[in-house]
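Peer 1: Let's see this in three dimensions:
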Amino acid sequence: MAEAEATRPAQVDICKTNSAPDAGYDKKCIFCKIVNKEMKTELLHCDEELSCFKDIHPGAPHHYLVVPTKHVGNCKSLGKEHVPLVEQMVETGKEILRKNNVTDLSDVRFGFHWPPFCSVTHLHLHVLAPASQMGFMSRLFYRPNSYWFITAEQLIELLKSKGETN
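Peer 2: A predicted model of the protein is given here:
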């Protein structure tokens with residue numbers, strides 16, 4: 001019993017129940033349904049901007065998804081104006097890790113699957129820790145500098161450079 005409680009992620013905030021989905025809601029999106037409490041997924045964090053929950057197919061002992069509370073498309077649809085959003089997603093991921101006793105933030109992977117390699121089109125940051133404990137397949141799926149996965153740092157740099165002349 002104590003072991004089960006030890007592995008249960010700590011909650012940061014509790015989302016208010018939405019009376020009705022608003023303009024930032026896509027009725028076909030599983031993450032929109034989770035954020036709007038239409039699914040039985042436990043929200044570890046939920047505020048006006050961001051929500052967080054555990055990945056259903058964890059690639060590491062701690063594997064969380066940080067998503068915008070309102071529907072935002074995948075990372076390829078983002079512009080320079082989304083840099084603060086991505087930075088806040090990373091900060092929220094770090095906060096969730098700290099609340100769950102992950103102290104070595106140098107052994108963490110933060111990143112996004114690059115289209116067409118994302119199964120859900122709602123923007124979502126993968127937060128994986130400790131990265132050193134990821135199995136072979138997880139190391140492949142969440143491999144930095146691959147065609148299918150981009151780190152949060154790489155995405156931020158890419159977004160900052162959008163609109164600049166070459």
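Peer 1: so what's the closest residue to His62 other than its chain neighbours up against?
Peer 2: Excluding its sequence neighbours, the residue lying closest to His62 (CB to CB, 6 or more residues apart in numbering) is Ala129, at 4.4 Å. Glycine gets a C-beta too; all of them are placed from N, C-alpha and C. Applying CB atoms under 8 Å, 6 or more residues apart in numbering, we find Ala129 in contact with Ala60, Pro61, His62, His63, Leu97, Val102, Asp104, Leu105, Asp107, Val108, Arg109.
Peer 1: Next, the buried residues of stretch 90-99.
Peer 2: Val90, Thr92, Gly93, Lys94, Glu95, Ile96, Leu97 (16 or more other CB atoms under 10 Å).
Peer 1: picking that back up, please produce CSV containing the contacts of Ala129, extended by secondary structure, distance to Glu153 and pLDDT.
Peer 2: What follows is these, written out as CSV (DSSP: H, G, I helix; E, B strand; the rest coil; distance: CB to CB, whole Å; pLDDT from 0 to 100):
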residue, secondary structure, distance to Glu153, pLDDT
Ala60, coil, 18, 97
Pro61, coil, 22, 97
His62, strand, 19, 98
His63, strand, 19, 98
Leu97, helix, 16, 98
Val102, coil, 18, 96
Asp104, coil, 17, 94
Leu105, helix, 13, 94
Asp107, helix, 15, 97
Val108, coil, 12, 97
Arg109, strand, 11, 97
